[in-house]
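Asks: The amino acid sequence is not available; the structure is as follows:
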């Protein structure tokens, strides 16, 4: 899904503003926030959302333009591995972990693209 979303152009706080913009976008699309900036020794997950019965681990990426492959392509294999390990750490608190998926919110210029279920966990 590609749509416009409010995107800050001020260099100070661009990352946190991108996360806030992504959060508001997902809330408008019916998801509920469970946790923001979940950190453990393996890494960080920007947003953990609830979409019906499914947990959604969200990585937010912001790029000024499509140079060097753009926002979505910036989620490297190493970053994906850290996200999966961090998600597994988060899921340890559940006796029966719910279904989950990994989404990416890719922001380039004034465009916001929601890529659902784009990272395969082992």
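Replies: Sure, I can see it. Computed from a predicted model, the values in this text were never measured in an experiment.
Asks: In this protein, what residue spans correspond to strands?
Replies: For the chain, the strands defined by DSSP state E cover 2-4, 32-40, 43-51, 54-63, 100-108, 111-115.
Asks: Put together a markdown table for those, with mean neighbour count and mean pLDDT on each row.
Replies: (C-beta placed from N, C-alpha, C; glycine too.) Compiled in a markdown table, the strands of the chain are given as follows (neighbours: other C-beta atoms under 10 Å; pLDDT from 0 to 100):
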| stretch | mean neighbour count | mean pLDDT |
| --- | --- | --- |
| strand 2-4 | 11 | 55 |
| strand 32-40 | 13 | 97 |
| strand 43-51 | 19 | 96 |
| strand 54-63 | 21 | 89 |
| strand 100-108 | 22 | 90 |
| strand 111-115 | 18 | 86 |
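Asks: Format the ones you listed as a markdown table; extra columns: distance to residue 82.
Replies: Putting the strands of the chain into a markdown table (distance: least, C-beta to C-beta, whole Å) gives the following:
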| stretch | distance to residue 82 |
| --- | --- |
| strand 2-4 | 27 |
| strand 32-40 | 10 |
| strand 43-51 | 4 |
| strand 54-63 | 10 |
| strand 100-108 | 12 |
| strand 111-115 | 18 |
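Asks: can you tell me which residues contact the residue nearest to residue 27 when sequence neighbours are not counted?
Replies: Sequence neighbours aside, residue 33 is the residue nearest to residue 27 in space, at 6.9 Å (criterion: C-beta to C-beta, 6 or more residues apart in numbering). For residue 33, the contacting residues are 23, 26-27, 47-50, taking C-beta atoms under 8 Å, 6 or more residues apart in numbering as the criterion.
Asks: would you turn these into CSV with distance to residue 60?
Replies: Supplementary listing: the contacts of residue 33 in CSV, determined by distance: C-beta to C-beta, whole Å:
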residue, distance to residue 60
23, 8
26, 10
27, 14
47, 7
48, 12
49, 11
50, 17
